[in-house]
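**Student:** sequence-free structure coming up:
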């Protein structure tokens, strides 16, 4: 009897512990408020000279400048807000103000002008606005299991189970911590066929990294329930996140909701509405080979949410419509209320806000070596 009582107590503690680690999606409030103020987007186009760049990379706004972050040459080309080419910084090398590689750049959300670089080998660099390196570290997932135990009994609470999710990664930083998307491709716990129910239900989405040491400080977020409807959907298994003050906003590629979580991993609420005319009759792929052979075809055929950014107190969420659509879509939320759901050119992505203007990456011409950006204001007349 005593053993049975102890076992029941242990079971209850285990259940409580597991539930305490999971976002309670069914318990939070969802709002779907709309007050549409904009039905189309008008912008001025600006052309940026890309001569001498690989044309493979991304734009960020930092210290009232447009930065093109070249992922091939590991350098940053600086432009003013009118597109004038100014100077070039960093580059690949061993010097104090160089980097070994470059994959993603993000400005600190503290508005100090500091920015963080994540490279392709899990190194993390912190620079100030003068492009002076402040620290360098390498992400340490702190494996807490023996290799044998990790292989046979993968523990979702063990940071060593995870790795950086590189595909179209969105990173965020407050200058001391780095927020990254994570995944696991463990042979006995993955998004294909091996224990995938547990993967979609229990595995974590994000990790907070101490920039100075590189160590994982906390694992955060679980996939929303919609993934249990499709289950075998590894080709749309990605997340976009946004760190604002003491909260993390995130959206997954197939979920119309935007979730808000505190820094301890507790969900507070969700908001948002589905994008217009999205093709969401997703085809499941149950093996690695089936997934890989259909990856790009499926990501062209179906719709999904592809960016989540903030600018001037507004939240911008982009989506691909899929199918035969000739445009993408972009939603704008103010105070969690949808104020715009507008068409944008295919492949466009919101960059950010500075000096009264929002900026949109529209296209690039590799042969003529230029980038086309859209520069616009959002002003409603109530």
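**Tutor:** Received it, and whenever you're ready, just let me know what you need. Keep in mind that what you see is a predicted model, and the values were worked out from it rather than measured.

**Student:** Determine how far the strand or helix carrying residue 227 lies from the middle of the whole chain.
**Tutor:** Element membership for residue 227, per DSSP states H and E: helix 226-230. Counting by Cα atoms, centre = their mean, to the nearest Å, helix 226-230 is centred 20 Å from the centre of its parent chain.

**Student:** same deal with stretch 72-92?
**Tutor:** Using Cα atoms, centre = their mean, the offset of stretch 72-92 from its chain centre is 23 Å.

**Student:** and if you look at stretch 28-43?
**Tutor:** With Cα atoms, centre = their mean, you get 21 Å for stretch 28-43.

**Student:** which residues are contacting that stretch?
**Tutor:** Stretch 28-43 has contacts (Cβ atoms under 8 Å, 6 or more residues apart in numbering) with 257, 259, 267-273, 330, 332, 336-344, 360, 374-376, 378, 380, 382. Yep, even glycine has a C-beta here, placed from its N, CA and C like the rest.

**Student:** For the stretch 201-350 of the chain, give me the ranges with low pLDDT.
**Tutor:** Scanning the stretch 201-350 of the chain for pLDDT under 70 picks out nothing.

**Student:** one more time with 90
**Tutor:** 227-234, 285-288 (pLDDT under 90).

**Student:** ranges for the strands of it?
**Tutor:** Listed in chain order, the strands of the stretch 201-350 of the chain (DSSP state E, counting those that start in this stretch) span 204-210, 216-222, 239-244, 247-252, 258-262, 267-271, 304-311, 314-320, 327-334, 337-345, 349-354.

**Student:** packing partners for the longest one?
**Tutor:** Contacts of strand 337-345 with other secondary structure elements, assessed using 3 or more Cβ pairs under 8 Å, 6 or more residues apart in numbering; DSSP states H and E, are made with strand 33-38, strand 327-334, strand 357-365.

**Student:** Give me the neighbour count for residue 151.
**Tutor:** 12 (other Cβ atoms under 10 Å).

**Student:** Tell me if it really is in a helix.
**Tutor:** Yes: counting by DSSP: H, G, I helix; E, B strand; the rest coil, residue 151 is located in a helix.

**Student:** Need the pLDDT of it.
**Tutor:** As predicted, residue 151 sits at a pLDDT of 93.

**Student:** quick one: contacts for it?
**Tutor:** Residues in contact with residue 151 (Cβ under 8 Å, 6+ apart) are 187-188.

**Student:** any idea how far it lies from residue 160?
**Tutor:** As for residue 151, its distance to residue 160 is 11 Å (criterion: Cβ to Cβ, to the nearest Å).

**Student:** Just the element for residue 143, please.
**Tutor:** Residue-wise, residue 143 maps onto no helix or strand under DSSP H and E.

**Student:** Quick check: phi and psi on it?
**Tutor:** phi -60, psi 130 (degrees, to the nearest 10).

**Student:** is it true that it touches residue 155?
**Tutor:** No: assessed by Cβ atoms under 8 Å, residue 143 is found out of contact with residue 155, at 10.0 Å.

**Student:** what do those two both touch?
**Tutor:** residue 161.

**Student:** Can I take it that residue 160 is in a strand?
**Tutor:** No: judged by three-state DSSP, residue 160 forms no part of a strand; its state is helix.

**Student:** hang on, it packs against residue 145?
**Tutor:** Yes: assessed by Cβ under 8 Å, residue 160 is found in contact with residue 145 at 6.4 Å.

**Student:** Dump the strands of the stretch 201-350 of the chain into JSON lines; add distance to residue 85 as well.
**Tutor:** Shown next, in JSON lines, are these (distance: least, Cβ to Cβ, whole Å):
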{"stretch": "strand 204-210", "distance to residue 85": "33"}
{"stretch": "strand 216-222", "distance to residue 85": "39"}
{"stretch": "strand 239-244", "distance to residue 85": "29"}
{"stretch": "strand 247-252", "distance to residue 85": "34"}
{"stretch": "strand 258-262", "distance to residue 85": "36"}
{"stretch": "strand 267-271", "distance to residue 85": "40"}
{"stretch": "strand 304-311", "distance to residue 85": "23"}
{"stretch": "strand 314-320", "distance to residue 85": "26"}
{"stretch": "strand 327-334", "distance to residue 85": "27"}
{"stretch": "strand 337-345", "distance to residue 85": "23"}
{"stretch": "strand 349-354", "distance to residue 85": "17"}
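
**Student:** Throw these into a markdown table and include mean neighbour count and distance to residue 164, thanks.
**Tutor:** Formatted as a markdown table, the strands of the stretch 201-350 of the chain follow (neighbours: other Cβ atoms under 10 Å; distance: least, Cβ to Cβ, whole Å):
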| stretch | mean neighbour count | distance to residue 164 |
| --- | --- | --- |
| strand 204-210 | 23 | 8 |
| strand 216-222 | 20 | 11 |
| strand 239-244 | 21 | 12 |
| strand 247-252 | 22 | 16 |
| strand 258-262 | 20 | 19 |
| strand 267-271 | 18 | 23 |
| strand 304-311 | 21 | 18 |
| strand 314-320 | 22 | 22 |
| strand 327-334 | 21 | 26 |
| strand 337-345 | 18 | 29 |
| strand 349-354 | 20 | 21 |
